[in-house]
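Participant: would you be able to build a 3D model of this:
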Amino acid sequence: MKSTTLVFIVFSFITNVAFASWQEDLTNLIKTDNDKTKKDLITKIVSAKPELKDIIELIKSQKFNHGENGNFVEKEIMCVDGKKRPYIIYIPKSYDPSIKTPMIVNLHGAVTWPMKDKKKRLKHAKSQEVTELAIKNNWFIVFPFGEASATWWDNVGQSNVLNIIRETKRNYNIDDEKLWMTGFSDGASGSFQFAMTKPTDFAALFPLCGDMGVGAQDGGNHLYPSNMSNLPLYVINTDEDYIYPSSRMIKTIDMAREAGANIFYKEYNGFGHDFNFSAEELPRLERYFKRNSRNSIPHHLQWKTAQEEFSTLFWLKINEVADGDRATWHKDFNTKLLDESVAFGFIPEQGFEGNGVKVAKVNEGDNLSNRLGLKNNDIVIRCNETEISNLKDIKTFKDSIKRGDFVRASVLREGNEVLLEGRHPEPKKYDVFPRTLTSGAIVADFRANTFDVKTSRVNGFSIYLHPDMIQLDQDVVIKTEGKELYRSKVTPDIAFMLNNFLENRDRELLYFKKIDIDL
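Facilitator: Residues are numbered from 1 along each chain as shown. Sure thing, here's the model as predicted:
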């Protein structure tokens, strides 16, 4: 009897040590930055053979440290181009690391103009109207900062935003289901970009005074308005906006809605390119955020892409786009707009303290700057009859002309005054979404362990399985157009789930298996 008791005690001790060991390894895995350490820890965890539910429980119950509550904190993050860039995070005054807390991501306007001064960045973060909502409701709010080499619609800038979200989730107890994005001007256009290319992280978006086509026109991306059917957007434009007037933007809204976009749209009259109606609108925005939480396991998804980097939506991924004819249901939604806006076509040098406006970079393409022969480092001092001392004078000049007008500009070039002459480009029609690549489209539904998928110009796709989606004791079935392509019970792939979690830091999207289907 004593020997039996001793064996039981020893067995229990070994079992508890093994259990404690993989728990400790998982805790260390969540914290480490070292890739080799991650690989070694995952190998150890898998070899311990813990139950899937136990791993998920530990990930969801991970402990977080206290923050600098009530403060705006500036941090840096390494971007994919090897450059560190700043961002600011507001930590709620009453933040409790044991409680999940919502977060707003705010994208600034004028994304190509870098905010090089720390005081200006802090002033920007504190002065945003939406910051009031974060402070009032004890929400986090983060402020990424872009520049010409890291815009909201290029890989560097877009991945930077997502990595800031991942890093914040790693350090603070962020509610994965209540992550909202907003932005003004370029920030609004960037919000549209995320809605059509990488919406999985977000519960809802609020683009203010922007244009859904900028990521396509300026970023060269292939954007599809039907992708905005997968989450709600609250969109506002104004009638006196000199960049994105509602009279022009409403055409894009109508087109996107026809494509299935989930857009609630409003217009304010008597306002320009500003948020001077915030006192009226902020309470509505607050209610909008509060009533929109993310559905992490949508039973229906539809997605369209022409670019590999924009191929994934929740549990669905297009692996390869094919050539050939598209299905009858695979429609392209687009529209043409008349561009009557006046633009100079150069990026001004921030922080220039002399008289005039210094040219940091002349934009490519057919614009007024290139027609005048403007060069980098020129200092613009006069345009027609307008004396130019600062950027406000540039705006005054632009308001005085229309497209097609003749322009005389005086600049200082290497210390000499030079007269430049040229004509502003005429008004022109353009596609909101320029197209040069072939798109693939996919629509998928699941019910009772069965996935029904239809595709158009797709050679292969993947299904990611979540433990709340299926019954593990039943076969998983995948069909396309009624044809059964896959039927099997599945075994959780712990290594896959852990690697996927480390990449996304989303405690609600803990996919434990990926099934690849070739067509």
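
Participant: any idea how this protein splits into domains?
Facilitator: Residue ranges for the domains of the chain, per automatic domain parsing: 2-50, 72-297, 319-335+434-518, 346-426.

Participant: closest to residue 309 out of those domains?
Facilitator: With CB to CB as the criterion, residue 309 lies closest to domain 72-297 of the domains of the chain, at 6.7 Å. All C-beta spots, glycine's among them, are computed from the backbone N, C-alpha and C.

Participant: about what we covered before: in JSON lines: the domains of the chain, plus mean pLDDT and distance to residue 63.
Facilitator: Listed next are the domains of the chain as JSON lines, based on pLDDT from 0 to 100; distance: least, CB to CB, whole Å:
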{"stretch": "domain 2-50", "mean pLDDT": "76", "distance to residue 63": "8"}
{"stretch": "domain 72-297", "mean pLDDT": "96", "distance to residue 63": "7"}
{"stretch": "domain 319-335+434-518", "mean pLDDT": "96", "distance to residue 63": "13"}
{"stretch": "domain 346-426", "mean pLDDT": "93", "distance to residue 63": "42"}
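
Participant: buried ones in stretch 387-399?
Facilitator: 388, 393-394, 397-398 (16 or more other CB atoms under 10 Å).

Participant: closest one to residue 168 out of the residues you listed, please.
Facilitator: Set against residue 168, the nearest of these by CB to CB is residue 394 (36.6 Å).

Participant: which residues of the chain fall in helices?
Facilitator: 2-31, 35-48, 52-60, 118-127, 129-137, 155-171, 186-197, 214-217, 246-258, 278-291, 368-372, 391-399, 494-504 (DSSP state H).

Participant: quick one: closest of these to residue 457.
Facilitator: Per CB to CB, nearest to residue 457 of the helices of the chain: helix 186-197, 18.1 Å.

Participant: and among the domains of the chain, the most buried is which?
Facilitator: domain 72-297 (a mean of 19; mean count of other CB atoms under 10 Å).

Participant: quote the end-to-end distance of that one.
Facilitator: End-to-end distance for domain 72-297, by CA to CA, to the nearest Å: 33 Å.

Participant: tell me which strands the biggest strand by length in the chain pairs with, and in which orientation.
Facilitator: Secondary structure of the chain per DSSP state E: the longest strand is strand 174-184. For strand 174-184, the paired strands and their directions (DSSP bridges) are strand 101-107 (parallel), strand 204-208 (parallel).

Participant: so can I have TSV of the ones you listed showing distance to residue 462?
Facilitator: Shown next, in TSV, are the strands paired with strand 174-184 (distance: least, CB to CB, whole Å):
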stretch	distance to residue 462
strand 101-107	27
strand 204-208	26
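
Participant: residue 248 is nearest to which of those?
Facilitator: Per CB to CB, nearest to residue 248 of those: strand 204-208, 14.9 Å.

Participant: that closest one vs helix 186-197, what angle?
Facilitator: On the basis of axes from the mean of the first three to the mean of the last three CA atoms, to 10 degrees, strand 204-208 is oriented at 140 degrees to helix 186-197.

Participant: so what touches stretch 367-378?
Facilitator: Stretch 367-378 has contacts (CB atoms under 8 Å, 6 or more residues apart in numbering) with 342-346, 358-364, 380, 407, 409, 411-413, 418, 420-425.

Participant: now do 7 Å
Facilitator: For stretch 367-378, the external contacting residues (CB atoms under 7 Å, 6 or more residues apart in numbering) are 343-346, 358-363, 407, 409, 411, 413, 420-425.

Participant: ends of it, how far apart?
Facilitator: Terminal residues of stretch 367-378 are spaced 16 Å apart (CA to CA).

Participant: likewise stretch 314-327?
Facilitator: First-to-last residue span, stretch 314-327, CA to CA: 23 Å.

Participant: just put the domains of the chain in a markdown table and tack on distance to residue 57.
Facilitator: Converted to a markdown table, those look like this (distance: least, CB to CB, whole Å):
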| stretch | distance to residue 57 |
| --- | --- |
| domain 2-50 | 10 |
| domain 72-297 | 15 |
| domain 319-335+434-518 | 10 |
| domain 346-426 | 49 |
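
Participant: out of those domains, which comes closest to residue 312?
Facilitator: Nearest to residue 312 among the domains of the chain is domain 72-297 (7.1 Å), distances taken as CB to CB.

Participant: what about the spatially most central residue of the chain, distance to residue 260?
Facilitator: For the chain, residue 194 is the residue whose C-alpha lies nearest the centre (CA atoms, centre = their mean; 3.7 Å). Computed as CB to CB, to the nearest Å, the residue 194 to residue 260 distance reads 18 Å.
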